[in-house]
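K.L.:
Provide a 3D model corresponding to the input given below.
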Amino acid sequence: MSAVALVFLVAASPPEPPAPMPPPPPKPPIIGAWLRSGSREPLRQLVIIVATHVRSYNEISAFSYTVERDGSLTANDPVNDAVLVDLARANDIHVVPTVSSTWDSRNIIQMLKDPKLRARHIEAIMQVARSPLIDGIDIDYENLPPESRQGFGEFIALLANALHTEGKTLSVTVPAKVRSDDGGTLSHFADYAALGRVADQIRIMAYEYHGKNGGPGPNAPIWWMRQVIAYAVTQVPREKIILGIHLYGYDWGGKETPALWWSDTQALKTRYGGVERFVESDARGVVGESVLTYTVIRSPCPPDFFDCAPYVEEKHTVWFVDARYVALAWDSVREFGLGGMVMWRPGGEDPAIWDALNAGSGE
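P.N.:
Prediction:
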């Protein structure tokens, strides 16, 4: 073989393949919050709630819109929402406003049955979503009957397609269940598998296992929460599941059973000399909630009434959560490889929860 031919063969040798691209960094888990005003905390204070821990959040959902009979949306407080959005955008927090039903779900039921109403409703949502300040939409339609299952799934599929066309995401908030035929009828409308195929997030409200209408008990024991997660991961890709946790407690013993923040429970403990106890576990597993007992001495008569029956002792029991509960829930998110966690609703929570969340997210 001649030298010329040898040079030609060497020159024709295939080049070395390029080095493989490194895999993209893992997506950080979502630490988010549902934000809603109430009688004690006007919506303008939601800005303060977020600003206080602005480096901890990466997604927020204010309850910005409710649904009307004709499928249109009512903006609950657009001026203050705009301030909240500005704060979020300035701090790289995704803005995913929540469109919600009221306790009366008739508007939603009618919309699901009527194709024209459904189309009008989707367009109303898209008018919001097209804003460059909005990253996506969260749908929180509750108290739907089991027969709404197919219609709700079809609606979500259409909405997901419309949002994805515009480059926006869709979150669907659903009630918790531990199996497809879970006993609570208000969870039957949510077909986890069908919704998980089209939505970007499935936010599971993993609370109210033990509601205020019964006697005192833990709202969402960790052992039950983990059953909810274990079922969900059989239906929905893990990275799409966002665990919704509660930051409130219930106070049994008076004429009503109000919902309280952690800060409220600590004020009651101080005022009435209450006794607080952390319930690590029960016969079924880890609980992780706390219980406060206290007594209120009430007079059955007006202050200036002299001839009166003896004073009455009103015994109260409060189940609530603190940083220990949030840390256990966050551990479950990481153990099951979920997409993150969203909290309902911050404002009076145990401040130590942020240390647990920031440590877990690598902050």
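
K.L.:
What segments of the stretch 51-200 of the chain are helices?
P.N.:
Along the stretch 51-200 of the chain, counting by DSSP state H, counting those that start in this stretch, helices occupy 78-90, 106-113, 115-129, 149-165, 192-198.

K.L.:
can you put the ones you listed in JSON lines and add distance to residue 50 and mean neighbour count?
P.N.:
The way it works is simple: take the backbone N, C-alpha and C, and place the C-beta from them, glycine included. Written out in JSON lines, the entries for the helices of the stretch 51-200 of the chain read as follows (distance: least, CB to CB, whole Å; neighbours: other CB atoms under 10 Å):
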{"stretch": "helix 78-90", "distance to residue 50": "6", "mean neighbour count": "16"}
{"stretch": "helix 106-113", "distance to residue 50": "28", "mean neighbour count": "19"}
{"stretch": "helix 115-129", "distance to residue 50": "20", "mean neighbour count": "16"}
{"stretch": "helix 149-165", "distance to residue 50": "24", "mean neighbour count": "17"}
{"stretch": "helix 192-198", "distance to residue 50": "28", "mean neighbour count": "18"}
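
K.L.:
closest one to residue 270 among the ones you listed?
P.N.:
Among the helices of the stretch 51-200 of the chain, the nearest to residue 270 by CB to CB is helix 78-90 (32.0 Å).

K.L.:
Packing partners of that closest one?
P.N.:
The helices and strands touching helix 78-90, judged by 3 or more CB pairs under 8 Å, 6 or more residues apart in numbering; DSSP states H and E, are helix 44-52, strand 59-67, strand 94-95.

K.L.:
could you dump the ones you listed to a markdown table with mean neighbour count, distance to residue 185 and mean pLDDT?
P.N.:
Output for the helices and strands packed on helix 78-90, formatted as a markdown table (neighbours: other CB atoms under 10 Å; distance: least, CB to CB, whole Å; pLDDT from 0 to 100):
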| stretch | mean neighbour count | distance to residue 185 | mean pLDDT |
| --- | --- | --- | --- |
| helix 44-52 | 17 | 33 | 84 |
| strand 59-67 | 23 | 21 | 96 |
| strand 94-95 | 19 | 33 | 98 |
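
K.L.:
Can you mark which positions in stretch 244-257 are buried?
P.N.:
Taking 16 or more other CB atoms under 10 Å as the neighbour-count basis, stretch 244-257 is seen to contain the buried residues 244-253, 257.

K.L.:
isn't there a helix covering residue 357?
P.N.:
Yes - counting by DSSP: H, G, I helix; E, B strand; the rest coil, residue 357 is located in a helix.

K.L.:
if I read this right, it contacts residue 326, doesn't it?
P.N.:
Yes - with contact defined as CB atoms under 8 Å, residue 357 and residue 326 form a contacting pair (6.9 Å).

K.L.:
Now residue 268: phi and psi?
P.N.:
Recorded main-chain torsions at residue 268 are phi -60, psi -40, according to degrees, to the nearest 10.

K.L.:
okay, and for the stretch 251-363 of the chain, where does confidence drop off?
P.N.:
Counting by pLDDT under 70, the stretch 251-363 of the chain has low-confidence residues at 300, 302-307, 309-310, 360-363.

K.L.:
what is the mean pLDDT for stretch 164-173?
P.N.:
Stretch 164-173 shows a mean pLDDT of 98.

K.L.:
Ends of that stretch, what's the gap?
P.N.:
18 Å (CA to CA, to the nearest Å).

K.L.:
The buried residues of stretch 244-257 into JSON lines, with extra columns for distance to residue 68 and secondary structure?
P.N.:
Below are these laid out as JSON lines (distance: CB to CB, whole Å; DSSP: H, G, I helix; E, B strand; the rest coil):
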{"residue": "244", "distance to residue 68": "26", "secondary structure": "strand"}
{"residue": "245", "distance to residue 68": "31", "secondary structure": "strand"}
{"residue": "246", "distance to residue 68": "29", "secondary structure": "strand"}
{"residue": "247", "distance to residue 68": "30", "secondary structure": "coil"}
{"residue": "248", "distance to residue 68": "28", "secondary structure": "strand"}
{"residue": "249", "distance to residue 68": "33", "secondary structure": "strand"}
{"residue": "250", "distance to residue 68": "32", "secondary structure": "strand"}
{"residue": "251", "distance to residue 68": "34", "secondary structure": "strand"}
{"residue": "252", "distance to residue 68": "36", "secondary structure": "strand"}
{"residue": "253", "distance to residue 68": "39", "secondary structure": "coil"}
{"residue": "257", "distance to residue 68": "31", "secondary structure": "coil"}
